[in-house]
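1. pasting the structure only:
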């Protein structure tokens, strides 16, 4: 839906243009704090497994792969399949991750 795709675009606009494995690990550990309220970083083995699944053998995440990973995150945490709620959840998590300060949320210049 347009709302969900806008939320994905918002994430893509603040994340590094090329999402590497290290970026992915850093982001996942930031999400642990904001979503799970955990101060314990994810185990390297778990992160590696998630990266392998999400990146599908590539060295970086494409926008579509990022969208799939964000969809899975929302799907895991919400008791609904309402796309509006998925978008709202993702926007809330993005604000938390960016305001936390340990993740470099860089807004990319708009093209057009």
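-> Perfect, I can see it now. All of these numbers come straight from a predicted model, not from anything done at the bench.

2. What helix or strand is residue 6 located in?
-> For residue 6, the enclosing helix or strand under DSSP states H and E is helix 2-14.

3. now that helix, how far from the centre of its chain.
-> Chain-centre distance of helix 2-14: 10 Å, with CA atoms, centre = their mean, to the nearest Å.

4. Go through it and flag the buried ones.
-> For helix 2-14, the buried set under the neighbour-count rule, 16 or more other CB atoms under 10 Å, comprises 3-4, 7-8, 10-12. Using the backbone N, CA and C atoms, a C-beta is placed for each residue, glycine as well.

5. Residues contacting whatever helix or strand comes next after that helix, please?
-> Counting by DSSP H and E, the element after helix 2-14 in chain order, helix or strand, is strand 19-20. Here strand 19-20 makes contact (CB atoms under 8 Å, 6 or more residues apart in numbering) with 27, 59-61, 66.

6. quick one on the thing from earlier: so which other helices or strands are in contact with the helix holding residue 6?
-> Judged by 3 or more CB pairs under 8 Å, 6 or more residues apart in numbering; DSSP states H and E, the packing partners of helix 2-14 are helix 63-77, helix 83-100.

7. between those helices, which gets nearest to residue 39?
-> Residue 39 lies closest to helix 83-100 among those, at 12.0 Å (CB to CB).

8. List the buried residues in that closest one.
-> Buried residues in helix 83-100 (16+ other CB under 10 Å): 83, 86-90, 93-94, 97-98.

9. Could you export those residues to CSV, including columns for distance to residue 23 and pLDDT?
-> Listed next are the buried residues of helix 83-100 as CSV, based on distance: CB to CB, whole Å; pLDDT from 0 to 100:
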residue, distance to residue 23, pLDDT
83, 26, 92
86, 22, 95
87, 23, 95
88, 25, 95
89, 21, 94
90, 17, 93
93, 16, 89
94, 15, 89
97, 12, 82
98, 14, 80
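
10. Go through these and name the one nearest residue 74.
-> Set against residue 74, the nearest of the buried residues of helix 83-100 by CB to CB is residue 86 (4.1 Å).
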